[in-house]
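Q: Fold the following for me, if possible:
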Amino acid sequence: MMSWTFSCFVFSLLFLISPALQADQIEGSFNSNCANCENEGQGLAPVQLPLKYQAAALREVLNKSIKCDDKSSEDCVLIEWLKAKFQEFSKNCQGFFINQNGEVGSFSKVISNLILSDIETHEENSVFVKSIADFDKYCPRYNDFSLMQKVAFHGWIFELTAFPESSCDVKVKPNKMAPTTPAVCMYQLEGSTSTRKWRSQGFKPQRCAVSYKEILTMEGCTGCAFDEFQRKMKKDGTPFGVINAKGKFISRSYWASQNPLSEAALQCFEKFSSGKTPALRRKYLKECKSMGANNEWPARAQFFKRLPRFPLCGTKESEYEIQQVQKKR
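A: Sure, this is the predicted structure:
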C-alpha cells in the first residue's frame, strides 16, 4: 500500500481532485503543520481551501498508509496517539485507531467517509464542523481543530459509544432485554426496521431504514448510528443528553453512556463506587438511590471521563495522554 508523508499530503492531492485549482496556481499548502513544504509553497502563507476540497482530499488519504515527518506537529501527535491506542485497546476496538503501518482502521474508514461526505455536501452547514457547546466543555480546543482533527474527534466519540454498547463487537448477539425490540449490532440499535427508521427522517439516504440483515453489517449499523448522531445534534445542538442543573433530563440521548450525570450524582458515584469486591463497587446503588442510581451509571461516568482524553483537547487528561505516548517512543 502506498504511503504518504502526512504533513504535506494535501498539497499533492489537491491537484488530482481539482483542475480548477491548478489554473489558479495556488501556492503553499493549507496544512499549517507542514514542516518541509518550503520548496513546494515557495515559503508563502498557507491557503485555506473550501471545505469540500479539504474533505475530498482527506477521503483520498483514508486508503493510504500515513507517515509523519515532523514528530512535534499536532497532526503527528494525534497519529502517534491513535497508533498507541491501537496497541492498548481490545482487539475488537482496534478498528477505530491506526495500526503501526499507518493504516486507518476499518471502523474509522466507514465513519470518516460518512462525515466527510456530509461536509462535502453541506460544507459550513455540516454539523460536523459547527461549534458545539458540549464539545467546548469537554474539549476546549475543538473549535481550533483542523478538519482532519475534527473528524478524528468524532471517531473517538463513536469508539466511546461502541465500547460500552458491545465491546466493539460487530457480531454481538441481539439483546432481547431491550424495551421495544431486540437491540442489535455494534451500536445496539433497534432490530425492527419499522421501529428505527424514523431516526433517519429528513436524511438522504435514510440509513436507519435498512433491513434487519443489513443493520447487522458494519456499514449498516454504523450508518444508522451516524444518522442518530447527527439527528441529535440537529435537534438539540449536542450529540449528548441534556440535563438541567439538578440532573433532570430535558432531552435524553439514545445511548445511555452519552447521558451525563449531574455534578452531585457524579460525586456520589465516585465516593461509593470504589472497592475490591463487586458488592463494594455497587455500593453506590444504595447510597445514591435518592438520585436515581442505576446500573447505567458506570458507563455514563466513564464516557465523560474518557472524552477529554483526546490528545489535542487542551485538558489535563489530554496532556497526560500525550505524555504517556511520548514515554513509549
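
Q: only C-alpha atoms for contact and neighbour calcs from this point on.
A: OK.

Q: Show me the shaky parts of this structure.
A: 1-47 (pLDDT under 70).

Q: Mind telling me what element Y53 is part of?
A: Using DSSP states H and E, Y53 maps to helix 51-61.

Q: in that helix, what counts as buried?
A: Within helix 51-61, the residues scored as buried using 16 or more other CA atoms under 10 Å are 51-59, 61.

Q: Report the backbone C-alpha coordinates of it in CSV.
A: Provided in CSV are the C-alpha atoms of helix 51-61 (Å, rounded to 0.1, in the frame of the first residue of the first chain):
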residue,chain,number,x,y,z
LEU,A,51,-14.2,22.7,3.0
LYS,A,52,-15.4,20.5,0.1
TYR,A,53,-11.9,20.3,-1.3
GLN,A,54,-10.4,19.6,2.2
ALA,A,55,-12.9,16.8,2.7
ALA,A,56,-12.3,15.3,-0.7
ALA,A,57,-8.5,15.3,-0.1
LEU,A,58,-8.9,13.6,3.3
ARG,A,59,-11.1,10.9,1.8
GLU,A,60,-8.3,10.1,-0.6
VAL,A,61,-5.9,9.7,2.3
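
Q: Who are the packing partners of that helix?
A: Under the contact definition 3 or more CA pairs under 8 Å, 6 or more residues apart in numbering; DSSP states H and E, helix 51-61 sits against helix 9-17, helix 106-122, helix 147-166.

Q: need the next SSE after that helix, C-terminal direction.
A: strand 65-67.

Q: from the middle of its chain, how far away would that next one be?
A: Relative to its parent chain, strand 65-67 has a centroid offset of 20 Å by CA atoms, centre = their mean, to the nearest Å.

Q: Next, the angle from the helix holding Y53 to helix 147-166.
A: On the basis of axes from the mean of the first three to the mean of the last three CA atoms, to 10 degrees, helix 51-61 is oriented at 60 degrees to helix 147-166.

Q: Wait, E219 touches V110, no?
A: Yes: taking CA atoms under 8 Å as the definition, E219 is a contact partner of V110 at 6.8 Å.

Q: So which residues of the stretch 101-250 of the chain form strands?
A: 183-184, 189-190, 242-243, 249-251 (DSSP state E, counting those that start in this stretch).

Q: Appreciated, that's everything.
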